[in-house]
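**Student:** from the sequence below, what's the structure:
(one chain, ligands or ions: 1)
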Amino acid sequence: MRVDIISIFPEYFAPLDVSLVGKARERGTLDIRLHQLRDWTRDVHKTVDDTPYGGGPGMVMKPEIWGEAIDAVVEQGRPEADPAALPRMIVPTPSGRPFTQEVALDYAKEPWLLFTPARYEGIDSRVMAEYGSRLRVDEVSIGDYVLAGGEAAVLVIVEAVGRLLPGVLGNACSVADDSFAPGAMANLLEGPVYTKPPVWRGHEVPEILLSGHHGKIARWRRDEAFRRTSDKRPELLARLDSDALDAHDRRV
Ligand SMILES: NC(=O)c1ccno1
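**Tutor:** Numbering: from 1, shown residues only. Model prediction:
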């Protein structure tokens, strides 16, 4: 997967050199390219923003700069084998659709992602309109809160998507067991996890986990997932289909 990120703070993405994503880059599973938006400005101050039409607080990012940057990055990034290839453009914004595990799985199938994190009050909306007619443009939100810029959201999305790529996680099964993973864990939170020692400061590991009875352990883990979901995110249980609820009610 190729990932292009255009930002006024490319240094913000240093964390993408470490851990799982960093190793995926070393192996060539992820090809992440960073671009400084200000490289496409033409004034001495490298201005990327201006006052909003209609008044109001803050500044808006200029469409011309973004347009030249996106056009250049798309042109540079086109694979020789497929000159018609285009990236999926992802714009992190509080006013976007929710970024979920399902969306992460969808993005993980894409060969090329282009991230355009904004600062200030956001990017002139005509940029999304312009590219919406040529690319798949997703405005996504990582949660109901406002950040100083979209860069932190890009880090979250790249991490969530990168770990889903083939070979990135040592144990592919762990993706299937993730909270929110499609299938048995859809709309359920992962239950508690334990490792050695069996007793720590008087806290004992649940005995079932030491039993070696895989069927009962799987049942216990699912019960715990239901319990935790009911406790922390009860609204998710309403999304469970009747089969999932029936499966939970059937005892091993
Ligand atoms: N909630 C978000 O995804 C976001 C992006 C930029 N600011 O907030």
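**Student:** state the pLDDT value of Pro79.
**Tutor:** At Pro79, the model reports a pLDDT of 88.
**Student:** ok, it to Arg97 distance?
**Tutor:** 28 Å (Cβ to Cβ, to the nearest Å). Where you see a C-beta, it was placed from the backbone N, CA and C, and this is true even at glycine.
**Student:** please confirm that Ala181 is located within a strand.
**Tutor:** No. Under DSSP: H, G, I helix; E, B strand; the rest coil, Ala181 falls outside any strand and is assigned coil.
**Student:** where do the helices sit along the stretch 101-250 of the chain?
**Tutor:** 101-107, 125-132, 151-162, 173-176, 214-232, 234-237, 242-249 (DSSP state H, counting those that start in this stretch).
**Student:** helices or strands up against the fifth one?
**Tutor:** What it means is helix 214-232. Other elements packing on helix 214-232 under the criterion 3 or more Cβ pairs under 8 Å, 6 or more residues apart in numbering; DSSP states H and E are helix 234-237, helix 242-249.
**Student:** which other helices and strands contact the shortest one?
**Tutor:** The helices and strands touching helix 234-237, judged by 3+ Cβ pairs under 8 Å, 6+ apart, are helix 214-232.
**Student:** next one: the helix it packs on to chain centre, how far?
**Tutor:** 26 Å (Cα atoms, centre = their mean, to the nearest Å).
**Student:** what about that helix, average pLDDT?
**Tutor:** 96.
**Student:** buried residues, it. List them.
**Tutor:** Ile217, Arg219, Trp220, Arg221, Arg222, Glu224, Ala225, Phe226, Arg228, Thr229 (16 or more other Cβ atoms under 10 Å).
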